[in-house]
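Participant: this one's sequence-less:
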């Protein structure tokens with residue numbers, strides 16, 4: 001009886017633990033692209049989108065989005081950011097129609113897909129591994145850090161949907177190929193593959209598992225049998241890629257995304273750094289997000305060691321250290337696999353090998369995106385299976401060891417301690433902390449526009465002008481956040497600088513201001529290498545850009561980043577059609593411009609401090 005109940009008990013435990021440590025996600029509200037989806041569905045987005053096409057952010061109509069100001073003036077004219085995710089889009093449209101602005105309903109919907117992910121992984125692993133190893137692995141999977149953002153960020157639900165459907169498809173395929181299910185299972189499997197691919201490109205990571213299963217687990221079968229088994233899902237994947245390329249989906253001229261079809265060199269660079277970063281996250285728990293956002297460790301270590309700046313600059317960069325962690329993680333995973341293979345049967349070992357091979361290959365399709373822990377969610381299935389097996393083997397060996405500790409028992413104890421410390425205790429702590437951090441950040445980025453000093457009776461005829469923002473990618477959501485809560489949409493939005501540091505604003509004449517970046521060390525990827533401009537698309541002095549009512553002149557650059565820029569408006573700077581706002585930790589406050597010939601020092605822009613979200617609705 002216990003044996004039969006174990007899968008249900010395991011899944012229930014995994015779901016309860018996973019929900020508990022991420023419980024704050026349910027109160028995080030909407031965030032970033034969530035507001036764009038709502039704007040598209042309301043018809044407020046400057047470029048119309050169909051309900052099935054909500055992830056086509058910038059396509060052939062980038063210029064229209066730049067004119068409105070959702071994308072800044074430095075956006076490359078050929079910038080493209082567009083994903084083919086019709087099923088995921090329609091689910092968001094259903095939420096919008098059903099729940100409106102009740103974010104809890106949207107989040108419960110995402111939670112249901114996450115729960116289905118856990119159930120699907122349980123079905124797969126219980127069909128491949130012994131019960132104790134499978135049960136442990138399912139719990140480890142539910143605790144993995146890669147689940148946090150897809151569960152919290154509604155717009156990233158597509159990852160959950162694709163993983164759930166892809167895992168179900170893989171499970172059915174394995175059952176059919178091993179003779180544990182009939183042809184009906186194959187038919188349903190193909191349908192599940194189709195739904196996974198319609199949910200997004202993340203499904204390709206699950207297709208990698210399928211390919212690995214046929215190449216490694218079924219190598220004794222005739223080649224024609226394996227090719228025939230792969231044809232339905234493989235054909236769907238090829239059709240998806242063909243549609244992606246033919247219809248113009250993908251990315252171009254972005255510093256955060258790299259399309260392997262359009263920019264193979266940039267994509268290869270992403271893989272070279274991103275693959276070790278993700279492996280280091282999966283094995284050692286070093287957050288892959290630090291590759292993109294930076295790690296707090298260097299600052300803390302420098303303070304503890306008392307090293308001066310010139311000496312510190314000569315030490316290896318954080319990226320170099322993160323690659324080392326990734327390589328170390330890969331070696332540890334290989335050694336752990338070899339260790340457990342000597343303690344399990346041949347079928348169990350074969351399952352681990354093809355799962356891990358599929359996981360590693362499956363990381364490649366997602367590395368066109370900026371490096372983030374969430375990208376490793378499909379791969380965490382295999383690594384959970386490895387660590388779950390290792391923990392069961394270690395406990396079994398310790399139970400059977402003599403009272404006197406031998407070298408074998410010490411090694412088993414080390415394996416058990418490693419898995420418990422990193423994959424359970426540390427993973428739970430970082431999951432809870434990460435959920436709290438991202439949830440508070442999401443609420444702050446909603447509160448920020450809603451507390452702005454804006455007159456709703458005039459804003460429809462005004463351009464919002466901000467010298468700079470704490471996050472140049474988040475700032476342009478401002479009009480859409482306000483519109484979601486019933487405020488009128490601004491006529492346009494203008495972000496003048498991408499730098500997050502201090503600026504000097506110089507008043508040249510009645511129509512013109514110049515901005516000088518004061519904190520050059522904070523430039524890095526402020527323009528070239530930002531979301532809307534590739535790393536090699538550097539600006540140079542003398543370039544100029546034009547927007548409706550505004551002309552921009554680049555006067556000086558540093559490593560391709562503008563450091564001195566002139567902005568000339570068609571109307572006087574104090575004209576009622578221009579609303580100047582400054583980003584502070586207490587919200588967006590109106591900026592009083594200096595008189596002609598004078599300058600004003602602007603502090604580094606900041607976001608509101610975390611706190612409860614109480615959106616102000618219009619009267």
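Facilitator: Right, received. Where do you want to start? These figures come from a predicted structure and were not determined experimentally.
Participant: do I have it right that residue 390 meets residue 340?
Facilitator: Yes. If you go by CB atoms under 8 Å, residue 390 and residue 340 touch, sitting 5.2 Å apart. Bear in mind the C-beta positions are built from the backbone N, C-alpha and C, glycine included.
Participant: ok, the two, which is more surrounded?
Facilitator: Set residue 390 next to residue 340 and count neighbours by other CB atoms under 10 Å: residue 390 wins out with 27 against 23.
Participant: report the buried residues of the strand or helix carrying the more buried one.
Facilitator: When elements are assigned from DSSP states H and E, residue 390 belongs to helix 380-400. For helix 380-400, the neighbour count (16 or more other CB atoms under 10 Å) marks 380-395, 397-398 as buried.
Participant: need the strands for the protein, in chain order.
Facilitator: 56-58, 80-82, 250-252, 463-466, 492-495, 503-507, 512-517, 544-547, 550-558, 561-569, 578-584, 587-590, 599-602 (DSSP state E).
Participant: which one of those lies closest to residue 419?
Facilitator: strand 250-252 (37.2 Å; CB to CB).
Participant: average pLDDT across that closest one?
Facilitator: Average pLDDT, strand 250-252: 91.
Participant: can you point out the buried residues in that strand?
Facilitator: Taking 16+ other CB under 10 Å as the basis for neighbour counts, the residues of strand 250-252 that come out buried are 250, 251, 252.
Participant: list just the nearest of those residues to residue 282.
Facilitator: In terms of CB to CB, no member of those lies closer to residue 282 than residue 251, at 24.8 Å.
Participant: how many neighbours does the nearest residue to that closest one once chain neighbours are set aside have?
Facilitator: Nearest-residue entry for residue 251: residue 257, 3.8 Å, with adjacent residues in sequence omitted and distances by CB to CB, 6 or more residues apart in numbering. Residues within reach of residue 257, counting by other CB under 10 Å, total 22.
Participant: close enough to count as contact, residue 257 and residue 81?
Facilitator: Yes. Applying CB under 8 Å as the test, residue 257 and residue 81 come out as touching, 6.6 Å apart.
Participant: who touches both of the two?
Facilitator: Counting by CB atoms under 8 Å, 6 or more residues apart in numbering, the residues touching both residue 257 and residue 81 are 251, 531.
Participant: next, count neighbours for residue 338.
Facilitator: Residues contacting residue 338 under the criterion other CB under 10 Å number 10.
Participant: let me fix that, I meant to ask about residue 342.
Facilitator: Counted with other CB under 10 Å, residues neighbouring residue 342 total 8.
Participant: look up phi and psi at it.
Facilitator: Its backbone dihedrals place residue 342 at phi -80, psi 0, with angles given as degrees, to the nearest 10.
Participant: related to what we said a few turns ago, relative to residue 99, which of the strands of the chain is closest?
Facilitator: The minimum distance between residue 99 and these falls on strand 56-58, with 22.5 Å, by CB to CB.
Participant: which of the residues in the closest one are buried?
Facilitator: For strand 56-58, burial by neighbour count (16+ other CB under 10 Å) applies to 56, 57, 58.
Participant: using TSV, lay out the strands of the chain together with distance to residue 109.
Facilitator: Output for these, formatted as TSV (distance: least, CB to CB, whole Å):
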stretch	distance to residue 109
strand 56-58	22
strand 80-82	24
strand 250-252	27
strand 463-466	32
strand 492-495	30
strand 503-507	42
strand 512-517	43
strand 544-547	38
strand 550-558	41
strand 561-569	41
strand 578-584	32
strand 587-590	31
strand 599-602	42
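Participant: least confident of these, on average?
Facilitator: Mean pLDDT across the strands of the chain is lowest at strand 587-590; the value there is a mean of 88.
Participant: show me what counts as buried in that one.
Facilitator: By neighbour count on 16+ other CB under 10 Å, the buried set for strand 587-590 is 587, 588.
Participant: what helices or strands is that strand leaning on?
Facilitator: When contacts are defined as 3 or more CB pairs under 8 Å, 6 or more residues apart in numbering; DSSP states H and E, strand 587-590 sits against helix 427-450, strand 578-584.
Participant: all helices for the stretch 51-200 of the chain, in order.
Facilitator: For the stretch 51-200 of the chain, the helices identified by DSSP state H, counting those that start in this stretch occupy 62-68, 86-99, 103-128, 131-143, 148-152, 157-177, 183-199, in order along the chain.
Participant: out of those helices, which comes closest to residue 30?
Facilitator: Ranking the helices of the stretch 51-200 of the chain by proximity to residue 30 (CB to CB) places helix 103-128 first, at 5.5 Å.
Participant: let me know the average pLDDT across that closest one.
Facilitator: Within the predicted structure, the mean pLDDT of helix 103-128 is 96.
Participant: do I have it right that residue 388 meets residue 134?
Facilitator: Yes. With the criterion set as CB under 8 Å, residue 388 and residue 134 qualify as a contacting pair; they are 7.2 Å apart.
Participant: nothing else from me, thank you.
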